[in-house]
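Trainee: From the sequence below, what's the structure:
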Amino acid sequence: MKFKASKDDMTVHLITIGIIILFVFLVYESIKELVHANGLTPIPIHSSVIFSLSTIVSLCFLYAPVSYTKGTELFKKKNIPMYKIA
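Mentor: Presented below is the predicted three-dimensional model:
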């Protein structure tokens, strides 16, 4: 049996939107600081923040479940004699 994985619950939508807004804000602030950076010290820090957040979001969307399958053997009733259990 194949089931569709969905995010029907409104709480899930609100959490997803909140996380995306947070990530966009952090990337925006890092880019803004990169533009005004004096010296080389802040460049690797802000670049790694941008790269890390972009990688996290990309991997989450790439590996998000679309559907899942349950085998019929999970639902079959099995009779096991008591002497084999103990």
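Trainee: low-confidence ranges in this protein?
Mentor: 1-8, 67-78, 86 (pLDDT under 70).
Trainee: In it, mark out all the strands, start to finish.
Mentor: Ranges of strands in the chain, per DSSP state E, are 2-4, 67-69.
Trainee: OK, contacts around the closest residue in space to residue 56 that isn't next to it in sequence?
Mentor: Nearest non-adjacent residue to residue 56, counting by CB to CB, 6 or more residues apart in numbering: residue 23, 7.7 Å away. Every C-beta, even on glycine, is put in place using the N, C-alpha and C of the backbone. Applying CB atoms under 8 Å, 6 or more residues apart in numbering to residue 23 gives the contacts 53, 56-57.
Trainee: between the residues you listed, which is nearest residue 16?
Mentor: Closest approach to residue 16 among these (CB to CB): residue 57, at 10.8 Å.
Trainee: What is the burial count for that closest one?
Mentor: Residue crowding around residue 57 was assessed by other CB atoms under 10 Å; the count is 15.
Trainee: what sits against it?
Mentor: Residue 57 neighbours (CB under 8 Å, 6+ apart): 20, 23.
Trainee: Please verify my assumption that residue 33 contacts residue 42.
Mentor: Yes: in this structure, residue 33 is within contact of residue 42 by CB atoms under 8 Å, at 6.1 Å.
Trainee: residue ranges for the helices of this protein, please.
Mentor: Using DSSP state H, the helices assigned to the chain run over residues 10-35, 42-62, 82-85.
Trainee: Next, the angle helix 42-62 makes with the longest one.
Mentor: Angle between the axes of helix 10-35 and helix 42-62 is 150 degrees (criterion: axes from the mean of the first three to the mean of the last three CA atoms, to 10 degrees).
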